[in-house]
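**Student:** got a predicted structure here, sequence first:
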Amino acid sequence: MSRTPPSKTALRVADLSQTTDNSFSLRPDAPKLAEIAATLDISTLRKLSFVGRIVPMGGKDWQLEARLGATVVQPCVITLESVTTRIDADINRRFVHDFSDPDEPEVEMPEDESTERLGQWIDPAQVMLEALTLRVPDYPRKDDVELGQMVYTKPGEAPMTDEDARPFAGLADLKDKLKKDAH
């Protein structure tokens, strides 16, 4: 068993108290915020906090309960202007001693994604980064901004709109025309 923590923020499970709060409070400094922003490919990470506790669940399992708070700045996917997003989320992660990890390549994934195998260490910083990564918007957009209609064309041909590109777009018109011709 390794007594050397994998990171500065990792807590050794054997040292966690079964009777008192195992509290933690993470608030990365400016250089660490810049490093995380670069890792997540976002413009700026202004604030980040992860405050919570690790509590026992039965005799061998543990639960991490925390509040994630962050302010991220990203370019708008349409205008490239800066978009600021505030993230506030309650995070719960269970660390289970007898966790069974599916070995089969095509096994259905369990619905509960908050349960992990309990190891020698629980690292709140790792949980914080995973939770933040999942909550950073994939396609940030400024308010009241919409993507216009795309027009596709080759030189010398009539432009093709998004509506023209839909394979069944003209079927309703054809159906109506056939109804009128039948009457």
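**Tutor:** The structure has been received and is ready for your questions.
**Student:** how is the chain partitioned into domains?
**Tutor:** 11-135, 151-182 (automatic domain parsing).
**Student:** winner for burial among the ones you listed?
**Tutor:** Among those, domain 11-135 has the highest mean neighbour count (mean count of other C-beta atoms under 10 Å), at a mean of 14. All C-beta spots, glycine's among them, are computed from the backbone N, C-alpha and C.
**Student:** pLDDT of it, averaged?
**Tutor:** Taken as a whole, domain 11-135 has a mean pLDDT of 88.
**Student:** how far out from the middle of the chain is it?
**Tutor:** 10 Å (C-alpha atoms, centre = their mean, to the nearest Å).
**Student:** first-to-last residue distance for that domain?
**Tutor:** 24 Å (C-alpha to C-alpha, to the nearest Å).
**Student:** before we move on, back to that, quick one, which of the domains of the chain is nearest to residue 142?
**Tutor:** Proximity to residue 142 (C-beta to C-beta) singles out domain 11-135 among these, at 4.6 Å.
**Student:** got phi/psi on residue 12?
**Tutor:** Torsion angles at residue 12 (phi, psi; degrees, to the nearest 10) stand at phi -70, psi 120.
**Student:** then residue 132?
**Tutor:** The phi/psi pair for residue 132 (degrees, to the nearest 10) is phi -60, psi -40.
**Student:** what's the answer for residue 39, then?
**Tutor:** Dihedral angles (degrees, to the nearest 10) for residue 39: phi -60, psi -40.
**Student:** ok, residue 82 next?
**Tutor:** phi -70, psi 140.
**Student:** quick one: it from residue 43, how far?
**Tutor:** For residue 82, the distance to residue 43 (C-beta to C-beta, to the nearest Å) stands at 6 Å.
**Student:** with residue 158 instead?
**Tutor:** Going from residue 158 to residue 43 by C-beta to C-beta gives 40 Å.
**Student:** how about residue 144?
**Tutor:** With distances taken as C-beta to C-beta, residue 144 is found 21 Å from residue 43.
**Student:** thinking again about what came up before, joint contacts of residue 82 and residue 43?
**Tutor:** Here residue 82 and residue 43 share the contacting residues 73-75, scored by C-beta atoms under 8 Å, 6 or more residues apart in numbering.
**Student:** perfect, that will be all.
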